[in-house]
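S.K.: no sequence for this one, just the structure:
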């Protein structure tokens with residue numbers, strides 16, 4: 001069991017109207033100081049508080065999404081893979097950036113949030129853990145107006161109950177848990193749930209979340225090295241809370257006002273739970289006051305390692321909400337959790353293990369009794385019938401039909417070894433006679449070689465009738481399995497000629513007089529049309545806009561690829577130069593004595609080495625960011641090219657159908673399939689490996705949503 005405080009970080013939303021006169025932030029120490037001057041209109045006697053000071057684990061300003069992941073989620077994910085449950089949640093006023101922090105932007109892969117990054121890193125870590133078998137399940141829960149909904153259910157089921165197991169872990173009964181075998185399937189679950197979430201628009205946020213959402217990744221871990229009946233169950237909760245609102249500012253009315261009341265009420269109950277946990281004298285913690293606090297019972301003050309991100313909006317008009325958020329975050333720093341590994345023993349696997357052990361012990365005891373009683377031991381060799389029985393047992397064991405062999409005596413063990421040796425010798429003999437190929441699998445016989453005489457009317461002759469069965473001795477040969485009667489070549493040619501001369505309406509050899517199918521007539525009509533020439537003309541006229549877009553994007557793509565190659569080469573050069581400077585600094589360190597090392601004394605040469613190394617690191621970071629940006633741009637260009645190609649083909653098919661009066665579904669069948677394959681194929685050399693799964697999952701969910709809308 002590991003006892004730890006809840007880690008609290010503050011993320012500051014970027015804004016052009018930062019309240020510099022009122023808010024002072026020190027990123028290095030994690031201090032935030034806020035000053036609000038007294039209102040002179042309140043008179044001389046005014047007890048209004050002017051200054052507030054807060055201290056947190058980390059304050060992040062103008063921080064990119066990848067840096068947020070490093071500070072917030074990396075350690076939590078590592079602990080989860082060790083078996084400790086984890087929780088990450090965002091808190092703050094509406095519009096402060098909670099959903100952007102958790103989910104990110106759906107328009108650009110570069111700005112993806114903590115949730116997709118956790119999924120990507122999780123499956124990367126799973127692939128490197130060869131000694132473990134890890135099963136991943138995903139669930140997505142929404143709390144809207146104090147009603148729980150399953151976002152991964154086809155009907156958004158609300159029949160969900162909150163239960164608690166014997167170890168204090170919260171279990172959601174009735175909540176869908178989808179098994180995810182890879183990153184793409186997990187991201188599909190995430191995107192599907194996000195499309196089903198409830199959002200609304202008001203004055204402060206055009207895409208305001210109107211519900212609390214809990215995306216949970218459940219892990220079931222078994223060891224491939226140790227005993228398999230030991231199972232570790234753990235999870236990581238990714239919580240996106242709805243923002244607290246002042247209805248006067250948001251202008252909420254009607255249903256939006258009702259939603260705001262439920263949101264503020266549940267967040268108020270959450271604050272009461274945090275206050276109760278911070279007071280050591282309190283015996284009762286009011287978890288059951290709301291659905292949200294009940295679900296987060298094991299995450300706040302329970303069995304979990306928890307990180308909270310407090311999102312603030314540092315503008316003059318939002319100072320009161322900022323202070324309220326920071327006060328709540330300060331209370332959260334006083335909450336401590338006790339995380340432990342949740343280990344279970346699989347009863348079915350235990351039963352199978354005990355059955356095997358009992359069986360082995362019984363066999364060992366029987367052998368011991370047999371050896372101890374010399375009068376019962378039979379020294380006579382096995383009879384032919386007994387040898388045949390042991391031979392069948394050995395074959396079944398080698399083929400995998402049986403897993404264990406019941407050992408009765410040492411005499412049986414010796415006979416089994418003899419049978420294993422005989423089977424091996426026979427297989428070696430078969431290999432030498434080309435009856436088997438590598439891997440001891442039957443070799444596929446080749447077709448009979450046929451020699452044709454050029455003289456007319458001469459029948460084809462078979463080179464040989466059979467193959468020799470064994471090299472030793474005399475064999476009459478064994479016919480090949482695919483041996484067939486040889487048909488004269490001239491007869492084949494006559495049949496082909498007749499088939500070509502047969503008209504569509506003439507009866508065939510079975511007496512069928514049916515007319516040729518309409519699809520066949522249409523196929524012949526299409527064969528007489530030069531589609532390629534028509535397509536070239538279409539690209540120069542009606543489809544010129546799409547064709548020019550494709551060419552322009554392809555040229556831009558080539559330029560960006562050349563640019564990313566040059567930038568990557570520069571990064572490699574900087575990296576080599578950094579390694580050289582590191583070696584020089586290490587060499588200087590080795591020449592120092594112990595006193596100089598302890599006092600941290602450096603000479604002028606070493607100072608220049610360190611300074612140059614810092615400059616190189618800064619340049620390397622800048623160039624690395626350029627590489628990432630170029631990869632994102634290349635990805636977008638590829639998408640534009642594929643979209644333009646798709647539109648060009650679609651417009652051509654419509655043009656082709658109108659011009660030649662051909663049914664659209666027939667002419668587009670093959671090309672639309674090819675186009676779909678082209679859109680789905682994204683080269684690994686152009687984008688990051690993790691971006692492929694992200695894009696495919698996004699496309700899959702978008703397609704499903706379009707299908708639902710058309711129904």
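M.R.: Cool, the structure landed. The model shown is predicted, which means the values in this text are computed figures rather than measured ones.
S.K.: which residues are contacting stretch 583-591?
M.R.: 597, 602-603, 605-606, 609-610, 613 (CB atoms under 8 Å, 6 or more residues apart in numbering). Every residue, glycine included, has its C-beta placed from N, CA and C.
S.K.: residue 606: what's it in contact with?
M.R.: Residue 606 is in contact with 585, 588, counting by CB under 8 Å, 6+ apart.
S.K.: let's go with 6 Å and repeat that
M.R.: Contact partners of residue 606, counting by CB atoms under 6 Å, 6 or more residues apart in numbering, are residue 588.
S.K.: name the SS class of it, please.
M.R.: Three-state call for residue 606 (DSSP: H, G, I helix; E, B strand; the rest coil): helix.
S.K.: the contacts of stretch 583-591, buried ones only, as a ChimeraX selection?
M.R.: Burial among those is assessed by 16 or more other CB atoms under 10 Å; the matching ChimeraX selection reads:
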select :602,606,609,613
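S.K.: just put the contacts of stretch 583-591 in CSV and tack on secondary structure and pLDDT.
M.R.: Putting the contacts of stretch 583-591 into CSV (DSSP: H, G, I helix; E, B strand; the rest coil; pLDDT from 0 to 100) gives the following:
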residue, secondary structure, pLDDT
597, helix, 65
602, coil, 73
603, coil, 77
605, helix, 82
606, helix, 80
609, helix, 85
610, helix, 84
613, helix, 86
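S.K.: ok, so of the contacts of stretch 583-591, who is nearest residue 62?
M.R.: Nearest to residue 62 out of the contacts of stretch 583-591 is residue 613 (CB to CB; 25.4 Å).
S.K.: can you count the residues close to residue 421?
M.R.: Residue 421: 11 surrounding residues under other CB atoms under 10 Å.
S.K.: tell me which element it falls in.
M.R.: Counting by DSSP states H and E, the element that carries residue 421 is helix 410-432.
S.K.: name the residue closest to the centre of the chain, please.
M.R.: Nearest to the mean C-alpha position of the chain, counting by CA atoms, centre = their mean, stands residue 183 at 0.8 Å.
S.K.: now do the contacts for that residue.
M.R.: For residue 183, the contact set (CB under 6 Å, 6+ apart) comprises 120, 123, 693.
S.K.: picking that back up, nearest to residue 547, of the contacts of stretch 583-591?
M.R.: Nearest to residue 547 among the contacts of stretch 583-591 is residue 613, at 51.0 Å by CB to CB.
S.K.: I'd assumed residue 581 was in contact with the closest one.
M.R.: Yes - counting by CB atoms under 6 Å, residue 613 does reach residue 581; the two are 4.3 Å apart.
S.K.: in the stretch 601-711 of the chain, which segments are predicted with low confidence?
M.R.: Under the criterion pLDDT under 70, the flagged ranges of the stretch 601-711 of the chain are 660-690, 707-711.
S.K.: which parts of this structure belong to which domain?
M.R.: In terms of domains, the chain is parsed into 2-39+47-345, 361-432, 533-680 (source: automatic domain parsing).
S.K.: got a markdown table for these, with distance to residue 697 too?
M.R.: Converted to a markdown table, the domains of the chain look like this (distance: least, CB to CB, whole Å):
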| stretch | distance to residue 697 |
| --- | --- |
| domain 2-39+47-345 | 4 |
| domain 361-432 | 38 |
| domain 533-680 | 12 |
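S.K.: just the ones you listed: most buried one?
M.R.: Mean neighbours per residue, mean count of other CB atoms under 10 Å, is largest over those for domain 2-39+47-345, with a mean of 18.
S.K.: can you get me the start-to-end distance on it?
M.R.: The first and final residues of domain 2-39+47-345 sit 22 Å from each other (CA to CA, to the nearest Å).
S.K.: quick check: mean pLDDT of it?
M.R.: The average pLDDT for domain 2-39+47-345 rounds to 86.
S.K.: stretch 432-445 too?
M.R.: Over the span of stretch 432-445, the pLDDT mean works out to 50.
S.K.: report all helices and strands that the helix or strand residue 692 falls within contacts.
M.R.: Element membership for residue 692, per DSSP H and E: helix 689-710. Here helix 689-710 is seen to pack against helix 183-196 when contacts are counted using 3 or more CB pairs under 6 Å, 6 or more residues apart in numbering; DSSP states H and E.
S.K.: could you pull out the helices for the stretch 201-350 of the chain?
M.R.: Here the stretch 201-350 of the chain has its helices, by DSSP state H, counting those that start in this stretch, at 247-250, 255-278, 291-295, 319-332, 347-372.
S.K.: distance to residue 340 added to those, as CSV?
M.R.: Below are the helices of the stretch 201-350 of the chain laid out as CSV (distance: least, CB to CB, whole Å):
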stretch, distance to residue 340
helix 247-250, 42
helix 255-278, 18
helix 291-295, 19
helix 319-332, 21
helix 347-372, 21
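S.K.: related to what we said a few turns ago, quick one: the helix holding residue 421 to helix 347-372, angle?
M.R.: 110 degrees (axes from the mean of the first three to the mean of the last three CA atoms, to 10 degrees).
S.K.: which residues of the stretch 451-600 of the chain score low on pLDDT?
M.R.: The stretch 451-600 of the chain contains residues with pLDDT under 70 at 451-529, 594-600.
S.K.: 80 instead?
M.R.: When residues are selected by pLDDT under 80, those of the stretch 451-600 of the chain lie in 451-533, 588-600.
S.K.: residue 653 is nearest to which of the helices of the stretch 201-350 of the chain?
M.R.: Closest approach to residue 653 among those (CB to CB): helix 255-278, 44.6 Å.
S.K.: by contact count, what packs against the closest one?
M.R.: Applying 3+ CB pairs under 6 Å, 6+ apart, one finds that helix 255-278 makes contact with helix 291-295, helix 319-332.
S.K.: surely residue 242 touches residue 262?
M.R.: No - in this structure, residue 242 is not within contact of residue 262 by CB under 6 Å, at 8.7 Å.
S.K.: need the helices and strands packed on helix 255-278 in JSON lines with distance to residue 393, can you?
M.R.: As requested, those are arranged in JSON lines below (distance: least, CB to CB, whole Å):
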{"stretch": "helix 291-295", "distance to residue 393": "57"}
{"stretch": "helix 319-332", "distance to residue 393": "67"}
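S.K.: so which of the ones you listed gets nearest residue 230?
M.R.: Closest among the helices and strands packed on helix 255-278, using CB to CB: helix 291-295, at 28.2 Å.
S.K.: which elements pack onto that closest one?
M.R.: Judged by 3+ CB pairs under 6 Å, 6+ apart, the packing partners of helix 291-295 are helix 255-278.
S.K.: before we move on, back to that, for residue 69, find the nearest of the helices of the stretch 201-350 of the chain.
M.R.: The minimum distance between residue 69 and these falls on helix 319-332, with 19.8 Å, by CB to CB.
S.K.: got the angle for that closest one vs helix 255-278?
M.R.: 40 degrees.
S.K.: now helix 319-332, how far from the centre of its chain.
M.R.: Distance of helix 319-332 from its chain centroid, counting by CA atoms, centre = their mean, to the nearest Å, is 35 Å.
S.K.: same check on stretch 117-130?
M.R.: The chain centre lies 8 Å from the centre of stretch 117-130; the measure is CA atoms, centre = their mean.
S.K.: what's in contact with that stretch?
M.R.: Outside stretch 117-130, the residues within contact range by CB under 6 Å, 6+ apart are 69, 73, 77, 81, 134, 183, 186-187, 690.
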